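**Q** after the sequence you'll find the predicted model.
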Amino acid sequence: MSMIGDGVPTLTARAFEVTGGRDEILEKSVISEFHDHYREIAHTSAAYAMVPETLEALFKAGHRLGLCTNKSADGTSLVLKTLGIEKLFTTIINGDTLPQRKPRPEPLIEAIQGLGYTPQQAIYIGDGPVDVATARSAQVLMVAVSYGYARMPPDQLGADYLIHRMEDLPTLLTQIP
């Protein structure tokens, strides 16, 4: 079983489940410790190939970009600053922004509304089954990337579109009706 992906609370729950069972109090302590450690190592984060450049090109072309993640606000901010892309996003919805988390539709809908769009006008890009489930529950077109934390063959995710390189996204966007 893969532990990564879907946010720290899910990671922690999975780890406890496979090592003897859930313990809510201890899980909260471990999550807090994880976030403390993450603050110390976030500066080592690296982007997938061409992601910053593609996001910058989309931003310069006038696209409004939002981010919807299950990562905490602190973790997200540290990574975006490390990658130098924090100013590209008009709105960011984190795992601790709302009471609901992905795959519930509320975080994605909140991000879309923060951009001034409706779900029918938006396109969500992600890398795993939670992202596809989130897009489906929010009734948003989904583009999956074939790299990341999918834990299954990317062509089986059920996304509307699949790209293998981020730099292919701008061309794909011109082809989506």
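**A** Arrived safely, thanks for sending.
**Q** those strands in the protein, which residues are they?
**A** 65-68, 89-93, 123-126, 141-145, 161-163 (DSSP state E).
**Q** give the buried residues for stretch 48-67.
**A** Within stretch 48-67, the residues that count as buried by 16 or more other Cβ atoms under 10 Å are 51, 54, 55, 58, 59, 63, 64, 65, 66, 67. Bear in mind the C-beta positions are built from the backbone N, C-alpha and C, glycine included.
**Q** actually, stretch 71-90.
**A** Neighbour-count burial for stretch 71-90, counted by 16+ other Cβ under 10 Å, picks out 71, 72, 75, 76, 78, 79, 80, 85, 88, 89.
**Q** with stretch 96-104 instead?
**A** So, applying 16+ other Cβ under 10 Å, buried residues of stretch 96-104: 96, 97, 101, 102, 103.
**Q** format those residues as CSV; extra columns: pLDDT.
**A** Formatted as CSV, these follow (pLDDT from 0 to 100):
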residue, pLDDT
96, 93
97, 97
101, 94
102, 96
103, 96
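**Q** circling back: so which two of the buried residues of stretch 71-90 are the farthest from each other?
**A** Farthest apart among the buried residues of stretch 71-90 by Cβ to Cβ are 72 and 88. That separation is 19.6 Å.
**Q** tell me, what residue is most central in the protein?
**A** Central residue of the chain (Cα atoms, centre = their mean): residue 69, 3.8 Å from the mean position.
**Q** show me the contacts for it.
**A** Residue 69 makes contact with 7, 76, 92, 93, 94, 95, 102 under the criterion Cβ atoms under 8 Å, 6 or more residues apart in numbering.
**Q** just flag the most distant two among those residues.
**A** The most widely separated members of the contacts of residue 69 are 7 and 92, with 14.6 Å between them, by Cβ to Cβ.
**Q** enumerate every residue touching residue 144.
**A** Residues in contact with residue 144, defined by Cβ under 8 Å, 6+ apart, are 125-128, 131-132, 150, 154, 157, 159, 161-163.
**Q** just for this structure, where's the confidence low?
**A** Applying pLDDT under 70 to the chain flags residues 1-2, 5-6.
**Q** and the helices in it, which stretches?
**A** 8-18, 24-41, 51-60, 73-83, 106-114, 129-138, 169-175 (DSSP state H).
**Q** buried stuff in the shortest one?
**A** Taking 16+ other Cβ under 10 Å as the basis for neighbour counts, the residues of helix 169-175 that come out buried are residue 169.
**Q** same check, this time on the first one
**A** Along helix 8-18, these residues count as buried under the neighbour rule (16+ other Cβ under 10 Å): 8, 9, 10, 11, 12, 13, 14, 16.
**Q** how far off centre is it?
**A** 18 Å (Cα atoms, centre = their mean, to the nearest Å).
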